[in-house]
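Visitor: for reference, the sequence and a predicted model appear below.
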Amino acid sequence: MTTTTLAVLVPLLPFLGAVAGLLLGRTAPGFVRPLAVLPVLAAAALAVAVAVRQGGGKAIDAATQLTPTGSIPIDLALYVDGFAALVAVLVGVVATCVQVYSTGYLREDPRYPSYAALVSLFTSAMLLVVYSGDLMVLLVGWEIMGICSYFLVGHYWETPEARAASLKAFLVTKLGDVPFLIGLFALAADAGTFRITGVLGAVASGGLDHPTLIALLLLAGVAGKSAQFPLHTWLPDAMAGPTPVSALIHAATMVAAGIYFTARLLPVFAESAAAMTVLAVMAAVTMVGSALAALAQDDIKRVLAYSTIGQLGYMAGALAVGDRGAAVFHLLSHAAFKALLFLAAGTVIHAAGTNSLTAMSRMSGLAKRVPDAYWTMTVALLALAAIPPFAGFFSKEAVLVAAEHTALGDRAVAPAGAGWTVLVAGLLTALLTAAYALRLWLRTFRGRGAEAPDHGRQPLTMTTVLWVLAIPSLGFGLTVTYLDDWLDGNALTPTLTTAVLGTGLAAAGAAVTYAVWRTLAARTPAAVAAQVPAPHVAHPDADAGLVEAEALTLPQPAGDPADPGRALLGPLYGPAADGFHLDAVYRTAFVRPVLAAASLVRFLDREVVDTYVRAAGTSAKGLGWLVRRAQTGNVQTYLSALLAGSVVLAIVAVALANAAGA
C-alpha cells in the first residue's frame, strides 16, 4: 500500500468510526466501545507508518481537483512533511488514550455512544487539518472541530454552566473565524491558489501584495482557535465538559490547530514585521497573564486550563521569532504532559465520587487513595514546570533559545524587539509556572480539606492510560537531537544561558511557593483549613463527569487561609482569580451594546413596523365592512341605488356639457 493511501486512511478511519458509532449506538450498544477505540487506534498506527516512511525527508504531495470554481480551484490535496507526520502521530496517540480512558470514566453515561462518536469525528477533523494541502479543505476540518467542541463541552446540557460554556466557546471562536475566512480569501487572491505549496511558492517569489493585512486577519482566527489573548476567555469555561474532552482539546485538537496552521504558513506571517511583532506581544501577554490567573484559581481544571493558555503562548512566541521547529517541538511535548494532567485530574474526581472534588481547597488524603494519579501527575507537573530532565524542560528551552537568537540578531526572520519580548515574558512565565504547578501539587495531594469517602480503585483502562502518557512526559525531551531533520533542521538543544536562567527562575518560583505554603500551614490549624462546605456524597456508581459539571454550581470558598497563591499575588489575587475581568470588559464593550441594539430593533419592529402593518390590516378590514354593509340582498335597494346613480351621472354629464359649451 502506498504512503499516500495510508495517509488518506488516517483521517478517514475515525470519520467512518464516528458514523458507525452514531448509527449503531442505540441498536447495537455492544459495538459502541470497539467502534470508539479501534478506528482511532488504527489511525494512530497508520500515522506512525506514514511518519516512518516520510522520515523527515521530502514531503508527500498529492492532489486531485475537488470542484471547478471558475476562478481559483479547490483541490483535494494531501501534503505531509515532517511537521505534519509528527503532529498526526501526536493526535492519533492522544485521541486513542482519551477513547480508552473514556470507556472507564463514562461507563455509566447514557449518552456515551454520541460522546464517543463526536470524539472520533473531532479526531478526524484535526487529522484533516494536519494532512490537508489545500486551505479550503483545511477550513472544513477547522470548522468541524468548532462544532464538535460545542457539543462535547455541552455534553452535560442539564447544567446551565455547560450550556453557557459550549455557546461561549462556539461564539468566541467564530468571532475569530470571520476575519480568518476573509484572510484565507485574500491570501488565495494574492497567491492565485488555495494550495499550500502554491501559497508558499508565491511568498518565496514576492507575490503577496498585502502581507500585513492577510497576516493580521489570519491571526484573529489563530487567537480564537488557540486561545490567545484577547480571545482566550472561552477555554477556562470549557471545563464544564467531561474531563477526557478537556484532555483532547487541550493536548491534541482545537487549540493545537491554530499553532499548527501558523507553523505551516509561517513564511506568510514572516513577510510582515508588524504581524510578527503583534504575534510576539500577543504571546507575551498570554503567557504572563494566564500564569498569574492560574496562580489564583481554586478549581483544579481551571488551573490546568490557564496553564494550557500559557503554554500555547510559548508556542506562539516561538512562531513570533520565526522558529516553527521549536513551536512544534513544544506542541508535541506539551501534548503528552497536558493530556496526562487532565486525565489524572479526572481520576481524582472519579475516585472521590463527589461533586466537590474539583476545588483544591476541599481535597485531602488523595496521595494514598489514588497513587496512580499522584505519581503520574507529579511527573506531568515536573514536565510543566520545565524541570530537567523532563520533557517540558527541553521543549521550553527550545523556545527560549529561539527568542534569544532573535533578540541578539542571530536570526533576521523577525524583529529583535519581538525576540526580547518573547524572551523576557518566557522567563517570567517560567517562574510563575513552577509556582502554580507546585501550588497545585501541594493543595491537591497535601491539602487539609474535608476528605471525601473513598470509592475504591479506579478502572484499569484509566490508570493504564496515565502510565502510558507518563513515559513521553518523562522521556520525550531525550529525542531532541533526533528531531532536527523533521523540524526545519534548526538545533533544538538547550544552551547554557537560557537553561540556567529558565531552570533557576523555575526553582526560585517553586522554592518561594513552598516556603509560603509551609508558613501558612504552620499558622493555620487543620480545623480552620477544613472549614469548607461538606462534600455532597454521590452514589459510588454515579458518573464522575456529571458530578464535576454539578461542582461548577457549588459556591466556592471565599478564601483558603493556607493558599500560597493569595499571599504571593497580594492585591492581584482578586483580579487574577476573575481572569482580570476580561469577561466583564467584553460584556460592557460588546454584549450590552448588542443587547441594547437588539432591544431597539425589537421596539422598532413592534411599535413602528407593526403599527403600519396593523393600520393596513385595519384599513382593509374597514373597507370590507363598508362593502359588506352595501350588500343587503334586497333587490329594491339595488334598483333604487342604480336609479340614484343614473340620475347623478346624468346631472354630472349635463353639467360637463354646459361647461364645455360656455
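Guide: Received it, and whenever you're ready, just let me know what you need.
Visitor: and the longest helix seen in the chain, what does it pack against?
Guide: Secondary structure of the chain read by DSSP state H shows that its longest helix is helix 160-191. In terms of contacts (3 or more Cβ pairs under 8 Å, 6 or more residues apart in numbering; DSSP states H and E), helix 160-191 is packed against helix 135-153, helix 196-204, helix 211-225, helix 234-237. Every residue, glycine included, has its C-beta placed from N, CA and C.
Visitor: now do the first one against helix 211-225, angle only.
Guide: Interaxial angle of helix 135-153 relative to helix 211-225 (axes from the mean of the first three to the mean of the last three Cα atoms, to 10 degrees): 20 degrees.
Visitor: what is helix 135-153 packed up against?
Guide: strand 74-80, helix 112-131, helix 160-191, helix 196-204, helix 211-225, helix 243-251, helix 255-264.
Visitor: indicate which one of those is closest to Ala630.
Guide: helix 160-191 (58.2 Å; Cβ to Cβ).
Visitor: run the chain-centre distance for that closest one.
Guide: Centre-to-centre, helix 160-191 and its host chain are 11 Å apart (Cα atoms, centre = their mean, to the nearest Å).
Visitor: now do the buried residues in the host helix or strand of Thr503.
Guide: In this structure, Thr503 is located in helix 496-523 according to DSSP states H and E. By neighbour count on 16 or more other Cβ atoms under 10 Å, the buried set for helix 496-523 is 498-499, 501-503, 505-506, 509-510, 512-514, 516-517, 520-521.
Visitor: where do the strands sit along this structure?
Guide: With DSSP state E, the ranges of strands along the chain come out as 60-67, 74-80.
Visitor: output the last one in CSV with nothing but the alpha carbons.
Guide: Taking C-alpha atoms only, strand 74-80 is exported to CSV below (Å, rounded to 0.1, in the frame of the first residue of the first chain):
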residue,chain,number,x,y,z
ILE,A,74,-10.3,23.9,-4.8
ASP,A,75,-8.2,20.7,-4.7
LEU,A,76,-8.5,17.6,-2.5
ALA,A,77,-4.8,17.8,-1.7
LEU,A,78,-2.5,16.0,0.7
TYR,A,79,0.7,17.5,2.0
VAL,A,80,2.7,15.5,4.6
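Visitor: which helices and strands sit right next to it?
Guide: Partner elements for strand 74-80 (3+ Cβ pairs under 8 Å, 6+ apart): helix 3-24, strand 60-67, helix 112-131, helix 135-153, helix 196-204.
Visitor: figure out which of these is closest to Ala398.
Guide: helix 112-131 (20.6 Å).
Visitor: give the rounded mean pLDDT of the closest one.
Guide: Across helix 112-131, the average pLDDT comes to 95.
Visitor: that one: how far from the chain's middle?
Guide: That offset, for helix 112-131, works out to 14 Å (Cα atoms, centre = their mean).
Visitor: got the angle for it vs helix 211-225?
Guide: 160 degrees.
Visitor: tell me what helix 112-131 is packed against?
Guide: helix 3-24, helix 32-54, strand 74-80, helix 82-105, helix 135-153, helix 243-251, helix 255-264.
Visitor: span of stretch 488-496 from start to end?
Guide: 22 Å (Cα to Cα, to the nearest Å).
Visitor: surely Trp234 meets Ala227?
Guide: Yes. Under the criterion of Cβ atoms under 8 Å, Trp234 is in contact with Ala227, at a separation of 7.0 Å.
Visitor: now the end-to-end length of stretch 573-587.
Guide: By Cα to Cα, one end of stretch 573-587 lies 22 Å from the other end.
Visitor: so which bits of it are buried?
Guide: Within stretch 573-587, judged by 16+ other Cβ under 10 Å, the buried ones are Tyr573, Ala576, Ala577, Gly579, Phe580, Leu582, Asp583, Tyr586.
Visitor: next: stretch 67-84.
Guide: Buried-residue list, stretch 67-84, by 16+ other Cβ under 10 Å: 72-84.
Visitor: before we move on, back to that, lowest-confidence stretch among the strands of the chain?
Guide: What stands lowest among the strands of the chain, in mean pLDDT terms, is strand 60-67, with a mean of 84.
Visitor: from His250, how far out is Trp467?
Guide: According to Cβ to Cβ, to the nearest Å, Trp467 stands 20 Å off from His250.
Visitor: the more surrounded of the two?
Guide: Set side by side, Trp467 and His250 show more neighbours around His250, with 30 against 13, by other Cβ atoms under 10 Å.
Visitor: so that one sits against Leu304, correct?
Guide: Yes. Counting by Cβ under 8 Å, His250 touches Leu304, with 7.3 Å between them.
Visitor: pull up the overlap in contacts between the two.
Guide: Counting by Cβ atoms under 8 Å, 6 or more residues apart in numbering, the shared contacts of His250 and Leu304 are Lys338, Phe342.
Visitor: re earlier: can I get the buried residues of stretch 67-84 in a markdown table including distance to Gly617?
Guide: Below are these laid out as a markdown table (distance: Cβ to Cβ, whole Å):
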| residue | distance to Gly617 |
| --- | --- |
| Ile72 | 50 |
| Pro73 | 53 |
| Ile74 | 49 |
| Asp75 | 55 |
| Leu76 | 54 |
| Ala77 | 57 |
| Leu78 | 61 |
| Tyr79 | 61 |
| Val80 | 65 |
| Asp81 | 66 |
| Gly82 | 70 |
| Phe83 | 65 |
| Ala84 | 63 |
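Visitor: who wins for proximity to Val379 among the helices and strands packed on helix 135-153?
Guide: Closest among these, using Cβ to Cβ: helix 243-251, at 15.2 Å.
Visitor: what is the rounded mean pLDDT of the closest one?
Guide: 92.
Visitor: quick one, helices of the stretch 451-600 of the chain?
Guide: 460-475, 496-523, 526-529, 544-551, 564-569, 573-577, 582-586, 592-603 (DSSP state H, counting those that start in this stretch).
Visitor: nearest to Leu135, of those?
Guide: helix 582-586 (29.4 Å).
Visitor: show me what the closest one is packed against.
Guide: Going by 3+ Cβ pairs under 8 Å, 6+ apart, helix 582-586 lies up against no helix or strand.
Visitor: any idea how far apart the tips of stretch 240-254 sit?
Guide: 16 Å.
Visitor: please name the residues that touch the residue lying closest to Pro211 once chain neighbours are set aside.
Guide: Nearest in space to Pro211, with sequence neighbours left out and distances taken as Cβ to Cβ, 6 or more residues apart in numbering, is Glu271 at 3.7 Å. Applying Cβ under 8 Å, 6+ apart, we find Glu271 in contact with Val203, Leu208, Pro211, Ala215.
Visitor: out of these, who's the most crowded?
Guide: Result: Ala215 is most packed of the contacts of Glu271 (other Cβ under 10 Å), 25 neighbours.
Visitor: how about that residue, what does it touch?
Guide: So Ala215 contacts Gly183, Val268, Phe269, Glu271, Ser272, Ala275 (Cβ under 8 Å, 6+ apart).
Visitor: got a list of what the fifth one touches?
Guide: Spelled out, it's Ser272. Pro211, Thr212, Ala215, Leu216.
Visitor: nearest to Leu478, of those residues?
Guide: Ala215 (35.5 Å).
Visitor: all helices of the stretch 251-400 of the chain, in order?
Guide: 255-264, 266-270, 273-294, 300-320, 324-352, 366-369, 371-384, 391-407.
Visitor: picking up where we left off before, right, and the helices of the stretch 451-600 of the chain - which one's nearest Val172?
Guide: Using Cβ to Cβ, these put helix 582-586 closest to Val172, at 8.8 Å.
Visitor: lovely, talk soon.
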